[in-house]
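Engineer: I'd like to go over a predicted model; first the sequence, then the structure.
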Amino acid sequence: MSRIVRHTCQVIWEQLRETVMPQPKVDDWLRIAEGFNVSAQFPNCLGAMDGKHIRVKKPPHSGFRFFNYKHYFSIVLMAVADSNYQFIMVDIGAYGSTEDSHIFSASRMGERLRANQLALPKSRRLPRSACPPAPFVFVADGFALTHHVMRPFPKRGLDVRRRILNY
């Protein structure tokens with residue numbers, strides 16, 4: 001039964017993916033970035049990224065691959081959401097024992113970001129800035145800092161400027 005359900009879900013996803021969650025194009029990314037600029041005063045932000053542990057029964061013969069740091073068995077829903085809390089991209093099914101940054105790195109999303117295949121907008125200047133153009137970024141806590149992934153400062157010993165940026 002579990003194979004039938006898994007196969008059925010896979011077929012549904014393959015058939016409806018482009019209808020319910022199409023790959024954003026440059027204009028879509030710019031609209032998303034404008035949403036973050038308006039709602040959070042965060043220019044050039046393309047999405048907020050995080051993983052969510054979905055509790056599952058321990059799969060047979062799985063050892064501790066699904067056992068997470070919260071001390072239960074799970075699979076991980078990795079998602080990027082826009083400023084309206086709507087999913088833009090998802091990756092579902094990673095082992096609960098795997099860290100979010102590793103899940104993202106190994107996901108199709110992470111691979112496509114590294115290969116520059118997400119049709120991201122070109123860098124642009126931040127509002128009211130004379131600095132060189134800044135890249136568009138995804139914001140994610142606990143992820144590796146890269147050209148297109150920005151993370152907050154660690155929480156200890158923050159000065160006012162860093163606390164404001166994290167906020």
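Structural biologist: Arrived safely, thanks for sending.

Engineer: which ones are touching the one residue sitting closest to the centre of the chain?
Structural biologist: Centroid-nearest residue in the chain, with Cα atoms, centre = their mean: M49, separated by 2.9 Å. By Cβ atoms under 8 Å, 6 or more residues apart in numbering, the contact set of M49 is M78, A79, V80, A81, F104, F138, V139, A140, F143, V149. Just so you know, the C-beta spots here come from the backbone N, C-alpha and C atoms, and that holds for glycine as well.

Engineer: for it, give the beta-bridge partners.
Structural biologist: On the basis of DSSP bridges, M49 is bridged to V80, A140.

Engineer: now do the same for it: its pLDDT.
Structural biologist: pLDDT recorded at M49 is 93.

Engineer: which SS state does the closest residue in space to S39 that isn't next to it in sequence fall under?
Structural biologist: Ranked by Cβ to Cβ, 6 or more residues apart in numbering and with sequence neighbours excluded, the top spatial neighbour of S39 is S83, at 4.6 Å. The three-state assignment at S83 reads coil, by DSSP: H, G, I helix; E, B strand; the rest coil.

Engineer: hang on, the earlier thing: what would the contacts of M49 look like in TSV with neighbour count?
Structural biologist: As requested, the contacts of M49 are exported to TSV (neighbours: other Cβ atoms under 10 Å):
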residue	neighbour count
M78	23
A79	19
V80	22
A81	16
F104	26
F138	23
V139	19
A140	23
F143	22
V149	19
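
Engineer: now flag whichever of those is closest to V56.
Structural biologist: Closest approach between the contacts of M49 and V56, by Cβ to Cβ: M78, at 15.5 Å.

Engineer: which residues touch that closest one?
Structural biologist: Shown in contact with M78 (Cβ under 8 Å, 6+ apart): M49, D50, G51, V90, D91, I92, A94, D100, I103, F104, S107, M109.

Engineer: what ranges do the strands span in this protein?
Structural biologist: 45-55, 74-81, 87-95, 137-140, 149-150 (DSSP state E).

Engineer: using TSV, please lay out the contacts of M78 together with distance to Y69.
Structural biologist: Listed next are the contacts of M78 as TSV, based on distance: Cβ to Cβ, whole Å:
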residue	distance to Y69
M49	18
D50	15
G51	11
V90	21
D91	19
I92	19
A94	14
D100	11
I103	13
F104	17
S107	19
M109	22
